[in-house]
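Colleague: sequence and computational prediction follow.
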Amino acid sequence: MELSVCRFLVLILVLALAFGVSVVGCGGRDRDEDADDDFDPDDLFDDDNQEDEDSDRDPCEDNHPPILFAVHYFVYEEELAPPVIVEQSDTTSFGIYFEYADADCNLPGGHFFVRFTAPQEEEDWQNLGVLPDELGCPSVESSLLYGFGFSQALDPAAYAGEVKWTDVCGAESNVITFEFTVVP
C-alpha cells in the first residue's frame, strides 16, 4: 500500500512541475505576458547551438595533413637496421613500415601512394589502395606503424622509393623515402 501512495505522490509532483512550467514558463512570468513570437527554446542552450553549427561545418575545413616521420624495415617480424640488405629468398617476408601521426584522425578512406626511384625510376605514383579503418589515431608522441610488403620475390638490385599518404579530405602527407638492397 505504501508503494502505491509513493507512486501516486511522485506522479502528482511530476504533473505539478509540468503544469507549473507550462503556465509560468522561463523567467518566472506568464507566457501570455510579453510573449515573444520569435522565441526558440533552443536559444536557451548555447552548447546545443554550437553543436548544430558544428554539424553544418565542413569536416575538412581545418584539416591538417598526415605526417610520415620514420621508416622501419622488417623481415619475418624482425626489424632491420640500415643499411637494409635482404636476401632474395626473404623478400616475400619483407615489409616496409612507416611511423605516422594524424592530428585529425581521418586517414581511413585516404590513399597510400608509392613511387620507386631505383632500380628503375617511375614517373607516376602508384596508388596501393585505400587506407583501412583500423589505422588508429596516433600523435607524434604515440605513433603507429603501417606499411606494405611484397607478394613476389624481388630481383637482386638496389631499390629506393618514396611514399606519401592522403587523408580522406585529400590532404597529402610529406614524402618520405626508403631504400634497401636485395642480394642473391
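Modeller: The structure has been received and is ready for your questions. Numbering: from 1, shown residues only.

Colleague: excluding sequence neighbours, find me the nearest residue to residue 103.
Modeller: Closest residue to residue 103 in three dimensions, ignoring its sequence neighbours and counting by CB to CB, 6 or more residues apart in numbering: residue 64, at 4.7 Å. All C-beta spots, glycine's among them, are computed from the backbone N, C-alpha and C.

Colleague: helix, strand or coil for that neighbour?
Modeller: Recorded secondary structure, residue 64: coil (DSSP: H, G, I helix; E, B strand; the rest coil).

Colleague: pretty sure it is touching residue 104, no?
Modeller: Yes. Using CB atoms under 8 Å, residue 64 is in contact with residue 104, at 5.6 Å.

Colleague: buried stuff in stretch 127-142?
Modeller: For stretch 127-142, the neighbour count (16 or more other CB atoms under 10 Å) marks 131, 135, 138 as buried.

Colleague: thinking again about what came up before, the residue nearest to residue 103 and residue 147, how far apart?
Modeller: The gap separating residue 64 from residue 147 is 22 Å, by CB to CB, to the nearest Å.

Colleague: okay, these two: which has more neighbours?
Modeller: residue 147 (19 against 13; other CB atoms under 10 Å).

Colleague: tell me the first helix or strand C-terminal of the helix or strand harbouring that one.
Modeller: Per DSSP states H and E, residue 147 falls inside strand 144-149. On the C-terminal side of strand 144-149, the closest following helix or strand by DSSP H and E is strand 157-166.
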